[in-house]
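Peer 1: Fold the following for me, if possible:
(chains A and B)
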There are 2 protein chains.
Amino acid sequence: MSEHVWSVLLAGGVGSRFWPVSRALRPKQLLDLFGEGPMLRATLERVLPLAPAERTIVVTSQTLAPAIRALLPEVPAHQILAEPSGKNTAPAIAWAAKLALAADPEARLMVLPSDHHIADVSGFRATAAAALALTDSHLVTIGIVPTHPETGYGYLQRGAPLTPGATAYAVRAFVEKPDLATAATYLAGGEHLWNAGMFFMAAALFMAELQVHRPTLATRIVAARDILDVWAELESVSIDYAVMERSTRIATLPGAFGWSDVGSWRSLYDHRGDAASFHMGDVIELDGSGNVLFSEGGLVATVGVSDLVVVHTPDATFVCPRESAQRAREVVQLLEFRGRKELL
Amino acid sequence: MSEHVWSVLLAGGVGSRFWPVSRALRPKQLLDLFGEGPMLRATLERVLPLAPAERTIVVTSQTLAPAIRALLPEVPAHQILAEPSGKNTAPAIAWAAKLALAADPEARLMVLPSDHHIADVSGFRATAAAALALTDSHLVTIGIVPTHPETGYGYLQRGAPLTPGATAYAVRAFVEKPDLATAATYLAGGEHLWNAGMFFMAAALFMAELQVHRPTLATRIVAARDILDVWAELESVSIDYAVMERSTRIATLPGAFGWSDVGSWRSLYDHRGDAASFHMGDVIELDGSGNVLFSEGGLVATVGVSDLVVVHTPDATFVCPRESAQRAREVVQLLEFRGRKELL
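Peer 2: Purely as a prediction, here's the structure:
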C-alpha cells in the first residue's frame, strides 16, 4: 500500500489575518510563524515518511508557484500545479487526483492544508497511517477531538463505528460553526469533532464520487487534454460541499495531535496553553503578559502592556487586543480600498 | 539694543525618552515630532526675528556638530560650538558668552533649549522682547504660568514686582519637582511658575555673576586661549545651581505661550488638549482614542486599542501605555546593557 501513497498539499490560500507579516506574495503558508520554517515546508516534512517528494503534489496559484518551487525544490516542478484562478478545493483536488491516477491507478491521496500547525507530529503520522488503511472502502476525513468549545471551526458529528468496536466512524452530519453555548454542548457530548480539512482517499474512489455528485465538474476535468484549457469553465466549489456532505462513503477517524488551523495572531498564544507571552523574533517585553509579540526585520519593545498583539515589520506595525486579532483583516481591507498595494 | 541680541541655542542633549525615533546620532532636538521640522530648526526660526543667524550660537556635542551644521547652514560654522564632553549648562553658556563678548561687549543673550515646543510663537517673541528689556540690570528667566498641577517640572516662586506694578518679579525660591498635592497648591496659589530653562541676560553681567559664584570656572574659561584646552578641567554644573539660585540679580518674567518641554511621547498628546489621538506619519487607527501613534518609514495600524503609545521605525517598534511613556528610557537602558548599539 505505502508505495501508492501521495501527498496533495493545498497551498493556494491568500490570507490576510497575519498582516503585516503576510502579504499577497507571502501568504500564511509561506510564513515561519513558529520558528519551524515556512508552514508549507513543515507540512511537507511532516508527511515525507508517508509519501516521498516524488509523490508530492502541491496545488497553488500562478502567483505563488515560483516561490513554492523555490521553497520545495525536491518536489518535481510539474507536480506543483498553478491555478489560473481560485476555484475552491474540489477542482484543485480533482486536478491532483487526475495527475496521480495517470501515474498510478491505485494512488491514495493525503489531502492536507499547508497552513495548519501540528504539535505532535508522530501522533499525526500514526493517525494518517490509520486513515490510509481505510481508503479501500472510504473517503476518510480526520476529525479533531475538541479540547475547548471552539466557535471558529466547523464540526463533524460522528455516527456509528464503521464496524463494531472500530475507531473510525460514519459521519452523521457536517455542522456549521456553532455559537458558544452549542460548542459547549458539542464538547460535553463527545460526538462532535473539528473538521480540519484533511482527507485520505483513493484517487479513483474520489473521482468516482465526484462523478456521482458533481458530474459536469468531474467530466470536464477527466476529458480535458490540458486542464488549463477548461479551468475557466470549472465550477468553484469546496470538496466538503461537492462530495463529503453528499457521499455515502465518508468515514471519520478521530485524531488528537495538537492541531490548530492558526487562524489569527491570537492562535500563536492559544496553542501554547500557558499565560506567558508568545515571542517570535527580536523582542523585549518589560512588565507584561499574555501578549503576542512578533518581530521581523527589527525589534519589538513593549513596557507595561498585556494581552496585546504587536507585530513589527520594517514597513508596517500592527497593534490590537489579542482577543480581537482577527481584525487585522479590517486593516487589509482598508489598505485595499485605498490602493496601498505596497503594503499588501 | 536689538543689534546686540544673540541667540544661544543649547543643543547638546542626548535624550532617550523618544526612542526608537531618537537615537544617539539623532536626539530629540533633531526630531520632527510635530510636523514643524526638526525642533532645533524650529527653535532657530522662532527667534530669527530677534537675532539673525550671524548672531546665533549653538552649543552641542562633537558627535552631533556635523548634523547640526548641515541642519543650520545659515549659522556661521565657528559659532556651532562642539563640546568634547558634556559639562552641563553653565560651561556651555559661559563659552557662548565669551564668544559673543569678543564680538560685542554689549551682547545680550537669549539662552534657549532647543527641544521644547511653543504653540504661540508670537506670544513667545513678545515675552522674549520684554525679557531682553530687563537685561541691563537683571538675569531674567521666563517663568511659565502653570496650566495644570504638573509634577514633572521644577518651579520658580516669584517674589515682589521689580518695581511697583511691574510685570516682572524677583525670585523668592527655586523649587524642586513637587508631588501632586504640592503642585495643586502651587497652581491655586498663583505664585509658582514653571522653570523652563530660558534665560535672557547681558553676557557681561552673566560672566560677572559667574565670577562671583563660581570663580574657578569663570576664570578658567576667561583665561583660556582656546577653551578646548581647558575643557576637561571645567566643573560640570548647571546654570541654575551655579548662578541662578545664588545671584541677587535674578528676575522672572511670567509667560504663557503654550510651552511644553516635550518630556515624553505622552506630551505629544497632552499639548493638544483634547481626547483625540495624536497621529504623526502614516497611521491607521480603527476604534481607538487617546493614543499617541507615531510612524516613521512605515505604517502604524491599530485596531481597538486606546491610551497607548505606538511608535514605528523601520528597525524597531515601541508600545507602552500613554501614562507611562517615559519608560521608553528603560528599553534604552536595557539595549545599552546588552550592547545593542545598532538600536541606540
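Peer 1: Now do the phi/psi pair for the residue of the stretch 51-200 of chain A found nearest chain B.
Peer 2: Of all residues in the stretch 51-200 of chain A, A:G152 sits closest to chain B, with a separation of 17.9 Å (C-beta to the nearest C-beta). For glycine as for every other residue, the C-beta is placed from the backbone atoms N, C-alpha and C. As for A:G152, its main-chain torsions (degrees, to the nearest 10) stand at phi -100, psi 0.
Peer 1: burial count for A:Y155?
Peer 2: Burial of A:Y155, expressed as a neighbour count using other C-beta atoms under 10 Å in any protein chain shown, amounts to 23.
Peer 1: roughly how far apart are it and A:F174?
Peer 2: Per C-beta to C-beta, to the nearest Å, A:Y155 is found 8 Å from A:F174.
Peer 1: Please enumerate the shared neighbours of those two.
Peer 2: Listed contacts common to A:Y155 and A:F174 are A:N195; contacts here mean C-beta atoms under 8 Å, 6 or more residues apart in numbering or on different chains.
Peer 1: C-alpha coordinates for stretch A:148-163, PDB please?
Peer 2: Presented in PDB, the C-alpha positions along stretch A:148-163 are these (Å, rounded to 0.1, in the frame of the first residue of the first chain):
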ATOM      1  CA  HIS A 148     -12.300  23.500  24.200                       C
ATOM      2  CA  PRO A 149     -15.700  24.900  23.000                       C
ATOM      3  CA  GLU A 150     -14.300  26.500  19.800                       C
ATOM      4  CA  THR A 151     -16.700  28.700  17.800                       C
ATOM      5  CA  GLY A 152     -14.300  29.300  14.900                       C
ATOM      6  CA  TYR A 153     -14.400  25.800  13.400                       C
ATOM      7  CA  GLY A 154     -16.900  23.700  11.600                       C
ATOM      8  CA  TYR A 155     -17.700  20.300  13.200                       C
ATOM      9  CA  LEU A 156     -18.300  16.700  12.200                       C
ATOM     10  CA  GLN A 157     -20.900  14.700  14.100                       C
ATOM     11  CA  ARG A 158     -19.800  11.100  14.100                       C
ATOM     12  CA  GLY A 159     -22.300   8.300  13.700                       C
ATOM     13  CA  ALA A 160     -21.900   4.600  14.300                       C
ATOM     14  CA  PRO A 161     -18.500   2.900  14.300                       C
ATOM     15  CA  LEU A 162     -17.700   1.500  10.800                       C
ATOM     16  CA  THR A 163     -17.600  -2.000  12.300                       C
END
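Peer 1: ok, and what's touching it?
Peer 2: Residues lying outside stretch A:148-163 but in contact with it, judged by C-beta under 8 Å, 6+ apart, are A:134, A:138, A:141, A:143, A:146, A:167-180, A:183-184, A:186-187, A:191-196, A:240, A:251-252, A:254, A:261, A:263.
Peer 1: Low-confidence stretches in chain A?
Peer 2: Residue ranges of chain A with pLDDT under 70: A:1, A:273.
Peer 1: any idea which helix is longest in chain A?
Peer 2: Among the elements of type helix in chain A, defined by DSSP state H, the one spanning the most residues is helix A:89-103.
Peer 1: Please identify the buried residues of that helix?
Peer 2: With burial defined by 16 or more other C-beta atoms under 10 Å in any protein chain shown, the residues of helix A:89-103 counted as buried are A:89-101.
Peer 1: what sits against A:V5?
Peer 2: Counting by C-beta under 8 Å, 6+ apart, A:V5 makes contact with A:50-51, A:55, A:107-108, A:110, A:132.
Peer 1: ok, and the most crowded of these?
Peer 2: Using other C-beta under 10 Å as the contact criterion, the top neighbour count among those goes to A:R108, which has 28 neighbours.
Peer 1: coming back round to it: now, the contacts of A:V5 that are in strands?
Peer 2: Among the contacts of A:V5, the residues falling in strands (DSSP state E) are A:108, A:110.
Peer 1: Assumed A:I284 was part of a strand.
Peer 2: Yes - note on A:I284: a strand contains this position according to DSSP: H, G, I helix; E, B strand; the rest coil.
Peer 1: Helices of the stretch 51-200 of chain A, residue ranges please.
Peer 2: For the stretch 51-200 of chain A, the helices defined by DSSP state H, counting those that start in this stretch cover A:65-71, A:89-103, A:121-132, A:180-189.
Peer 1: can I get those in TSV with distance to B:V8?
Peer 2: Written out in TSV, the entries for those read as follows (distance: least, C-beta to C-beta, whole Å):
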stretch	distance to B:V8
helix A:65-71	58
helix A:89-103	72
helix A:121-132	69
helix A:180-189	67
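Peer 1: now those as a markdown table including distance to chain B?
Peer 2: As requested, the helices of the stretch 51-200 of chain A are arranged in a markdown table below (distance: least, C-beta to the nearest C-beta, whole Å):
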| stretch | distance to chain B |
| --- | --- |
| helix A:65-71 | 23 |
| helix A:89-103 | 30 |
| helix A:121-132 | 33 |
| helix A:180-189 | 20 |
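Peer 1: Tell me which of these sits nearest to A:I227.
Peer 2: Shortest separation from A:I227 across the helices of the stretch 51-200 of chain A is recorded for helix A:89-103, at 5.4 Å, computed as C-beta to C-beta.
Peer 1: roughly how far out does that closest one sit from the chain middle?
Peer 2: Its chain's average C-alpha position is 17 Å from that of helix A:89-103, according to C-alpha atoms, centre = their mean, to the nearest Å.
Peer 1: Return stretch A:259-274 as PDB; C-alpha atoms alone will do.
Peer 2: What follows is the C-alpha trace of stretch A:259-274 in PDB, where atoms were taken according to Å, rounded to 0.1, in the frame of the first residue of the first chain:
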ATOM      1  CA  TRP A 259      -3.800  20.600  15.800                       C
ATOM      2  CA  SER A 260      -4.500  24.300  15.200                       C
ATOM      3  CA  ASP A 261      -5.600  26.000  12.000                       C
ATOM      4  CA  VAL A 262      -3.600  29.000  13.100                       C
ATOM      5  CA  GLY A 263      -6.500  31.300  12.300                       C
ATOM      6  CA  SER A 264      -5.100  34.600  13.700                       C
ATOM      7  CA  TRP A 265      -2.300  36.100  15.600                       C
ATOM      8  CA  ARG A 266      -4.200  35.000  18.800                       C
ATOM      9  CA  SER A 267      -3.700  31.400  17.900                       C
ATOM     10  CA  LEU A 268       0.100  31.700  18.400                       C
ATOM     11  CA  TYR A 269      -0.700  32.300  22.000                       C
ATOM     12  CA  ASP A 270      -3.600  29.800  22.400                       C
ATOM     13  CA  HIS A 271      -1.700  26.800  21.000                       C
ATOM     14  CA  ARG A 272       0.900  27.000  23.800                       C
ATOM     15  CA  GLY A 273      -1.500  26.600  26.600                       C
ATOM     16  CA  ASP A 274       0.000  28.900  29.200                       C
END
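Peer 1: now the one helix or strand A:W6 maps to and helix A:121-132, what's the angle there?
Peer 2: Here A:W6 sits within strand A:5-10, counting by DSSP states H and E. Calculated by axes from the mean of the first three to the mean of the last three C-alpha atoms, to 10 degrees, strand A:5-10 forms an angle of 110 degrees with helix A:121-132.
Peer 1: How about the contacts made by the closest residue to A:W259 other than its chain neighbours?
Peer 2: Taking C-beta to C-beta, 6 or more residues apart in numbering or on different chains as the measure, A:W259 lies nearest to A:I144, with 4.9 Å between them; neighbours along the chain are not counted. Taking C-beta under 8 Å, 6+ apart as the definition of contact, the neighbours of A:I144 are A:193-194, A:196, A:254-256, A:259.
Peer 1: Just the ones of those residues in strands?
Peer 2: Using DSSP E, A:193-194, A:196, A:254-255, A:259 are the members of those that sit in strands.
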